[in-house]
Structure formats: structure tokens, C-alpha cells
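K.L.:
A structural model of the following input is requested.
(chains A, B, C and D)
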Protein chains: 2
Amino acid sequence: MPFRLCGELWSYVQMVDSLAQRGDGLFGPLGRKFRNLELGSEGELQALLALVKDKERVRRGKSIVGVAGSSRHLTVLLAGVACWYSSLRGGGRQIHAFQYPGDFCELHRYLLPEPDDIVTVGAITDCSLGFIHYKDVEQAIERYPRLGLAFWRASMLQASILRERQLNISRQPALLRVANLLCEQVVQLKAIGIERAILPLTQLDLADAVCLSNAHVDPILQSLRDLGVLSKNARTIQVVDKERLIDIAKLDPLYLDMVELLREWEISYEEAVD
Amino acid sequence: MPFRLCGELWSYVQMVDSLAQRGDGLFGPLGRKFRNLELGSEGELQALLALVKDKERVRRGKSIVGVAGSSRHLTVLLAGVACWYSSLRGGGRQIHAFQYPGDFCELHRYLLPEPDDIVTVGAITDCSLGFIHYKDVEQAIERYPRLGLAFWRASMLQASILRERQLNISRQPALLRVANLLCEQVVQLKAIGIERAILPLTQLDLADAVCLSNAHVDPILQSLRDLGVLSKNARTIQVVDKERLIDIAKLDPLYLDMVELLREWEISYEEAVD
DNA sequence: CGGCGGCTTGATTCGAGTCAAGAACCGTGG
DNA sequence: CCACGGTTCTTGACTCGAATCAAGCCGCCG
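P.N.:
Have a look, this model is predicted:
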């Protein structure tokens, strides 16, 4: 079982994995995500979950898009962490977003086919994937129109994250960029019920996401550790003081708004579960 | 009739405006856009167009979001140019995208309500707007499910533009950023049948979109004029050598791909019209 | 003709990138 | 249990692109 970090990360992955393996699937990450979307009844959710087929594992570092051949299917991340990136000429990478269990990896290609090489999805840790064939998606949407709205909404959520990332990258100083990115990850993880996890990201992953050089990210993480926001344990990225982190990131009210937005999302998730 | 630039720009706006005013609306910008989306029959298109109500004019510089009160409606840009931006603390602006006739100004708020102040839509020139009440949208989607897919697809298209902008801004040198932005505008205008138009953007608009200072944009535009890509006429922005511009922008193959993507889009539009 | 908004220019400052070298750590295989 | 190789992290010196600031210009509009 090759994992970069043992201990907490591994147990975290296993936990999520075990959720994904449960027979009913109603409480797995995909179910959670769909409940978050607040559209569709349990019946619709079950119909969707029944369509997930051909589970597969992908090793860390490998590409996820097109794993199952002709790629006429949606891919759901069941366990692990992935990222959505574009390769830049010259070897660089721009990571658009990180994906967590329950996320659709390639939703953006469903209605808007694009060449494979524009946007790629890569596995940051070993991942479990589920597939839903386009044919089944179409039929399900036809039968349960609200399912179509839920997919649409999921797309919009991804787009809003893109927008926030764009804002974040474009004109903020380096510290804020990193703080914001970390904030977002914490919120996303919380939304699927995971707290205080070690983020399985390398400094290079962070750098590619916030558009800085890796050599520049390092001292920033150190200062965050000095501030008590991150675990003192060098070589791992773990947020231990979420409030403080939000405080640093919110220096710009817009980011506070972003956090609020996501928090609202999270609240509505909890309501939905009640 | 207060317009910053007379002559060509004004006639361009009038042309688009007259399209928007035509009784049937089937060939107006909204009709074109929907045909581009390749989903839905003419019947569905007509149903949609029938829902557009409460046309209104907004003066340049004013905000578009929430013009008609409680904002329980989609807003369609019928004529003019608008932009989608976030205000940065400290007076700055990040322009996410420019909008042209036929674009939905606030599609992103339909399924994902957000505070008003995160993203704003502003009128760059005087604009004509049409409104479709959410209630009507819902009914129409229920009756014509493919309409829902078309909206979804329109959202995805906006998201892909966001992504390209993010790539563009993040790590390209200034000249490429500007060239790419201009490329995108040319392609978007062509898609609604407008060529060789003067872009009614100020250098500050450009700067806010590509994330440079206005003082930095100016010499870049000059060099593009020297290269024969832009009209020699200072104080206006008009692409006169599209091929050359694409050539400059495509220095990075990813951007070429972007252009290809949009070009493909445009082609399928022409097929649909045939 | 006067004022204002946008464009143009240059000097200076600063943040971030690049490069290169070394250290710490992980997982591997002996 | 220990030695090894590769990956990731850490550090510092140097470079460069772009921001900022400030001033002057031009053309449009009242």
C-alpha cells in the first residue's frame, strides 16, 4: 500500500474508502454531494447511485480522464484526492481545483466536448473511481428532470470555485493566495465530513494552484506554521487553527464572502441531513 | 446619444440593436446564441423568446445586476457590451469576462444564489436588456427539458472561458495576455456575426481583464499597432489582422487550442443555420 | 474655449521567479 | 536492521517583469 504519508492521511483515505464501499452508497461521498446539491429526492439519488459502475483504482500520479477507454462516461471520485489542471508549455501546470470524494472529475466535458489535452485530471493520491455512462445519465435526466438541475448546479459550483481562484491568483500577495487556497480546501473537506485532515498536497501542488514558484511557497508555509495556523510538523500540511486561517485570508472582505458562501453551502448540507 | 466613440462603434451598436428590435426575434442575438447551443428545436427557441419581457435600457457605466428589482429573473443582453467583474478591495476590479448580445448576464445566480457584491455585471456601453422571470424559466424547462440542457451548456461555455482566462492570466507574459484576450473577443463577436468591429473597451478595461496595470497595457497596444494587428488609429481598439493576432497569441499551443475550440463552436453554429 | 476622461511616458520600487546547492525524508531492497 | 536512491523541502543570491507614482498630452464634449 504505497502512500507518501502514513498515519493520519492513510486512515483518512481508508475512512473515505470504506464509505465508498458500503453497499447502499446512500451515505457515501456521492450521496453526500448530491444531498448538498439540494435537488432531487432520495429516489432520484438512489437511481443515480445505481448507475455507478465499473469501479476502478488509479495510482497516484496517473491521469484520470479517459481511464475507461472511449470516455463516454462521467467519472466520480469515490476516494482519494485528485486535481484538475492544464499543462502549460514549458512543463508548468496550472491547477484549477482540487477534487475530493463525491466530485465529478469530468463534468465539464459532458455537454462541451474538448480535446483531451486542454484540461486533465490527475490523481494526487491513489484514487477510487466510479463511472456512469452517458447513456445512463441521459436516461436518468429524462426520467428525473431534477437530476439534470442537480448536475447543472454541480457545474455552477465548480465554476464559482474557478472564479474565486481567479480572483485569488490575480492580484493578491502570496500569503493571501496560499491562505485562501487552504481555506477552500478545509471547507471542501468539511463539507464531506472530514476535519483536521492532513492535506496530501506537496508544496509544488500548492504552488501550481496559487501560481507561485515552489521556492516561494515554502517560506509562506513556514510563516503559517509560526503563526500557529498549520501544524508545526514540517513536511505535512495540516490546518490546526481554522479560525486564524480564515482571519488571515479574510483580510480581503471578498474572500470572507467566499468563505461565507461555502459555509452557507455547508449549512444547507447539514439541514438536508437532519 | 452619449457614446464615447462615434462612427463605427455607434453604427455597430445600432446594427445589433436593430437585430434585437426585430419583431420575430428568431434572428436576434438571443436566437443566434441558442442556435449555437445546438440544443432544442425551433419550437423550443420560440417558446423561450416569448418569455423575454420588460426590456430595459441601461446607461454605460451603470450596474446591470438587479436592475429589475428583486432579481428573480434571468437577464439577457440584447444590445451593447457588458462585463462581469468582481470588485477588489482597494478600488481594483477583476473583469472575468466580457458579454455580448445574446449572453445571459446572470446565469450563474440562477441555481447558485450569491450575495450581490461578489460578482457584478456592469454596462460598458449603453445596453438593452431583456428579462425572463425565473418562474417562466422553470416552467419552460419543465415543458422542454432540452432547454434545461441548453442553459446548462451555456453555463459550461462561460466556465470554459473563465478557465481560459485563468490560464492566460496566470503565467503568460503581458503581450500574450493581451493578444489572447483580444483573440477571444474577436471570436466571440464573430460568433454573433460581427467582424472587424471596434472594441468599445478602454485600456483600463483591458488591464482589469488581463490583470495588468493600465500603464503597462498601453505600450503593448502600441506594439500590436506597430505589428499591424491593430488599427493604427490610436485611441480605438480594432483588430485588423486577425490571422496575425492568432499567430501571436498561439505562441502557446494551449491558446491555439482555445481558439480552435471556439472556432469549432462557431462552425457548428453555421451548420445549424444552414 | 475650458474641463474631464482617457492615453502616454518615464523613473523608481518591489514582489516573485529562477537557479543551484544542500538537507531531510520516504520507501526500497539487501 | 541498515544502506541507498529518488522525491520533496529548504535556503540564498541574483534577475526581471510589472506595479506604482507622477506628470503631461490629446481629443471629446459641454
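K.L.:
any idea how far the residue nearest the centre of chain A is from DNA strand C?
P.N.:
The centroid of chain A falls nearest to residue A:99 when counting by Cα atoms, centre = their mean (2.2 Å). Distance, residue A:99 to DNA strand C, by Cβ to the nearest atom of the strand, to the nearest Å: 22 Å. The C-beta positions use only the backbone N, C-alpha and C, and glycine is treated the same way.
K.L.:
And residue A:135, by the same measure?
P.N.:
Relative to DNA strand C, residue A:135 is positioned 39 Å away (Cβ to the nearest atom of the strand).
K.L.:
do the same with residue A:122
P.N.:
From residue A:122 across to DNA strand C, the span is 19 Å (Cβ to the nearest atom of the strand).
K.L.:
Touching, that residue and residue A:82? I think so.
P.N.:
Yes. If you go by Cβ atoms under 8 Å, residue A:122 and residue A:82 touch, sitting 6.4 Å apart.
K.L.:
More neighbours: which of the two?
P.N.:
Each of residue A:122 and residue A:82 has its neighbours counted (other Cβ atoms under 10 Å in any protein chain shown); residue A:82 has more, 26 against 22.
K.L.:
Which stretches in the stretch 151-274 of chain A count as helices?
P.N.:
Under the criterion DSSP state H, counting those that start in this stretch, helices of the stretch 151-274 of chain A are mapped to A:174-191, A:203-210, A:214-226, A:242-249, A:253-273.
K.L.:
related to what we said a few turns ago, now the common contact residues for residue A:122 and residue A:82.
P.N.:
Listed as contacting both residue A:122 and residue A:82 by Cβ atoms under 8 Å, 6 or more residues apart in numbering or on different chains are residue A:64.
K.L.:
so where is chain A shaky, pLDDT-wise?
P.N.:
Chain A contains residues with pLDDT under 70 at A:1-29, A:32-34, A:36-41, A:66-70, A:114-116, A:250-274.
K.L.:
Go again with 80.
P.N.:
Applying pLDDT under 80 to chain A flags the ranges A:1-47, A:54, A:65-71, A:89-91, A:112-118, A:190-193, A:250-274.
K.L.:
Show me what from it comes close to DNA strand D.
P.N.:
Residues of chain A lying close to DNA strand D by Cβ under 7 Å from any atom of the strand are A:4, A:202, A:203, A:204, A:214, A:215, A:218, A:219, A:221, A:222, A:234, A:235.
K.L.:
number of nearby residues for the closest residue to the fourth one other than its chain neighbours?
P.N.:
What that stands for is residue A:204. Closest residue to residue A:204 apart from its sequence neighbours, by Cβ to Cβ, 6 or more residues apart in numbering or on different chains: residue A:214 at 4.9 Å. Per other Cβ under 10 Å, the neighbour tally for residue A:214 reads 13.
K.L.:
Wait, residue A:214 touches residue A:201, no?
P.N.:
No. In this structure, residue A:214 is not within contact of residue A:201 by Cβ under 8 Å, at 11.7 Å.
K.L.:
Distance check, the residue located most distally from the centre of chain A against DNA strand D.
P.N.:
In chain A, residue A:143 marks the outermost C-alpha relative to the chain mean, sitting 28.4 Å out by Cα atoms, centre = their mean. Taking Cβ to the nearest atom of the strand as the measure, residue A:143 falls 44 Å from DNA strand D.
K.L.:
Buried residues, stretch A:181-199. List them.
P.N.:
A:181-192, A:194, A:197-199 (16 or more other Cβ atoms under 10 Å in any protein chain shown).
K.L.:
now residue A:108: how far from residue B:140?
P.N.:
Distance, residue A:108 to residue B:140, by Cβ to Cβ, to the nearest Å: 25 Å.
K.L.:
the more surrounded of the two?
P.N.:
Each of residue A:108 and residue B:140 has its neighbours counted (other Cβ under 10 Å); residue A:108 has more, 23 against 19.
K.L.:
Report the secondary structure state of that one.
P.N.:
Following DSSP: H, G, I helix; E, B strand; the rest coil, we place residue A:108 in the helix state.
K.L.:
correct me, but it touches residue B:158?
P.N.:
No. Judged on Cβ under 8 Å, residue A:108 makes no contact with residue B:158 at a distance of 11.4 Å.
K.L.:
Show the contacting residues for the residue nearest to residue A:204.
P.N.:
Applying Cβ under 8 Å, 6+ apart, we find residue A:214 in contact with A:203, A:204, A:207.
K.L.:
Go through these and name the one nearest residue A:56.
P.N.:
The closest of these to residue A:56 turns out to be residue A:204 (Cβ to Cβ; 26.2 Å).
K.L.:
just to revisit the earlier point, which of the contacts of residue A:214 has the most neighbours?
P.N.:
Per-residue neighbour counts (other Cβ under 10 Å) across these peak at residue A:207, which has 24 neighbours.
K.L.:
Please tell me how far that residue sits from residue B:170.
P.N.:
Distance check for residue A:207 against residue B:170: by Cβ to Cβ, it reads 12 Å.
K.L.:
How about residue A:169?
P.N.:
Using Cβ to Cβ, one gets 6 Å for the distance from residue A:169 to residue B:170.
K.L.:
Pull up the overlap in contacts between those two.
P.N.:
With contacts defined as Cβ under 8 Å, 6+ apart, the residues shared by residue A:169 and residue B:170 are residue A:211.
K.L.:
what's the neighbour count on residue A:85?
P.N.:
21.
K.L.:
Leaving out chain neighbours, which residue sits closest to it?
P.N.:
Closest to residue A:85 by Cβ to Cβ, 6+ apart is residue A:95, at 4.5 Å.
K.L.:
Same question for residue A:59.
P.N.:
Residue A:59 sits nearest to residue A:126 (Cβ to Cβ, 6+ apart), 5.5 Å away.
K.L.:
pretty sure the one you found is in contact with residue A:82, am I right?
P.N.:
No. Under the criterion of Cβ under 8 Å, residue A:126 makes no contact with residue A:82, lying 10.3 Å away.
K.L.:
Around residue A:49, count how many other residues there are.
P.N.:
Neighbours around residue A:49, by other Cβ under 10 Å: 18.
K.L.:
Tell me how far it lies from residue A:130.
P.N.:
Here residue A:49 is placed at a distance of 9 Å from residue A:130 (Cβ to Cβ).
K.L.:
where do the contact lists of those two overlap?
P.N.:
Overlap of the contact sets of residue A:49 and residue A:130 (by Cβ under 8 Å, 6+ apart) consists of residue A:30.
K.L.:
Neighbours of residue A:109, how many?
P.N.:
The burial count for residue A:109: 21, using other Cβ under 10 Å.
K.L.:
distance of it from DNA strand D?
P.N.:
Between residue A:109 and DNA strand D the computed distance is 27 Å (Cβ to the nearest atom of the strand).
K.L.:
Need the residues touching each of residue A:214 and residue A:201.
P.N.:
With Cβ under 8 Å, 6+ apart, residue A:214 and residue A:201 have no common neighbours.
K.L.:
Quick check: phi and psi at the closest residue to residue A:124 other than its chain neighbours.
P.N.:
The shortest distance from residue A:124 to any non-neighbouring residue, by Cβ to Cβ, 6+ apart, is to residue A:81 (4.5 Å). Dihedral angles phi and psi of residue A:81 (degrees, to the nearest 10) take the values phi -130, psi 140.
K.L.:
Residue A:81 against residue A:200, yeah?
P.N.:
Yes. Applying Cβ under 8 Å, one finds residue A:81 in contact with residue A:200, separated by 5.5 Å.
K.L.:
Which one of the two is surrounded by more residues?
P.N.:
Between residue A:81 and residue A:200, counted using other Cβ under 10 Å, residue A:81 has the larger neighbour count: 27 against 22.
K.L.:
can you tell me which residues contact that one?
P.N.:
A:98, A:99, A:100, A:123, A:124, A:125, A:127, A:200, A:201.
K.L.:
Go again with 7 Å.
P.N.:
The contact partners of residue A:81, by Cβ atoms under 7 Å, 6 or more residues apart in numbering or on different chains, come to A:98, A:99, A:100, A:124, A:125, A:200.
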